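Chemist: Structure for this input, please:
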Amino acid sequence: MKPKPFEIIPVIDVRHGVAVRAVAGDRANYQPLETPLAASPDPVAVALGYRRLHPFPTLYVADLDAIEGRSGNGEFLANLGAELPGLNIWFDNGSAEAAGIRQQLENTQVSPVFGSESNLGASEMQNLVERFGGRIILSLDFQGDAFSGTRKLLADATCWPSRVIVM
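Modeler: Now for the predicted structure:
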């Protein structure tokens with residue numbers, strides 16, 4: 001069997017409406033992103049900068065405000081989709097339930113990411129897979145060597161969706 005080619009997926013972490021520079025998971029110290037790829041830390045400008053580097057088919061966006069329990073930044077998704085039609089957007093807003101992704105499911109460019117750090121259980125993940133199939137992605141989250149989430153979810157790959165990422 002021929003191995004599948006891998007895909008490089010750029011990431012944009014968003015806090016307070018701007019892209020931030022992530023360093024070792026220390027979210028408290030993330031600062032607005034400064035990059036030669038974009039004139040500002042606007043998430044859409046950064047995504048357009050990535051696209052000038054390479055026609056990446058997929059972009060991972062983490063809404064850190066929503067993940068940390070504050071009001072989220074999901075409103076820029078429509079602008080991102082309009083500026084980059086055909087882009088697959090993997091969007092993580094920290095939700096552990098279907099109600100938290102309703103808006104994202106309305107946008108066909110968006111695949112919701114469910115992170116294990118939200119303490120998603122194996123049965124909840126299995127229910128999401130049954131409801132939304134290949135549309136969703138599981139993120140197995142680690143801080144160093146320590147898994148962030150329920151041990152049962154990590155141990156039971158039978159409940160995982162077809163797309164899994166490790167952070």
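
Chemist: From now on I want contacts and neighbour counts done on CA atoms only, so please keep to that.
Modeler: Will do.

Chemist: for the least confident helix or strand in the chain by mean pLDDT, packing partners?
Modeler: Every helix and strand of the chain was ranked by mean pLDDT, DSSP states H and E. The lowest is helix 102-106, at a mean of 71. For helix 102-106, the elements it packs on are strand 110-115, judged by 3 or more CA pairs under 8 Å, 6 or more residues apart in numbering; DSSP states H and E.

Chemist: So what touches the strand it packs on?
Modeler: 88-96, 101, 104-105, 120, 135-141 (CA atoms under 8 Å, 6 or more residues apart in numbering).

Chemist: For V18, see how far away the nearest residue to S95 once chain neighbours are set aside is.
Modeler: Leaving aside its chain neighbours, S95 sits nearest to F114 (6.3 Å; criterion: CA to CA, 6 or more residues apart in numbering). Going from F114 to V18 by CA to CA, to the nearest Å gives 22 Å.

Chemist: More neighbours: which of these two?
Modeler: F114 (28 against 21; other CA atoms under 10 Å).

Chemist: hey, C-alpha coordinates of the least confident helix or strand of the chain in PDB?
Modeler: Extracted in PDB, the C-alpha atoms of helix 102-106 (Å, rounded to 0.1, in the frame of the first residue of the first chain):
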ATOM      1  CA  ARG A 102     -24.000  25.300  15.300                       C
ATOM      2  CA  GLN A 103     -22.700  28.500  13.600                       C
ATOM      3  CA  GLN A 104     -19.600  26.800  12.300                       C
ATOM      4  CA  LEU A 105     -21.700  24.000  10.800                       C
ATOM      5  CA  GLU A 106     -23.600  26.500   8.700                       C
END
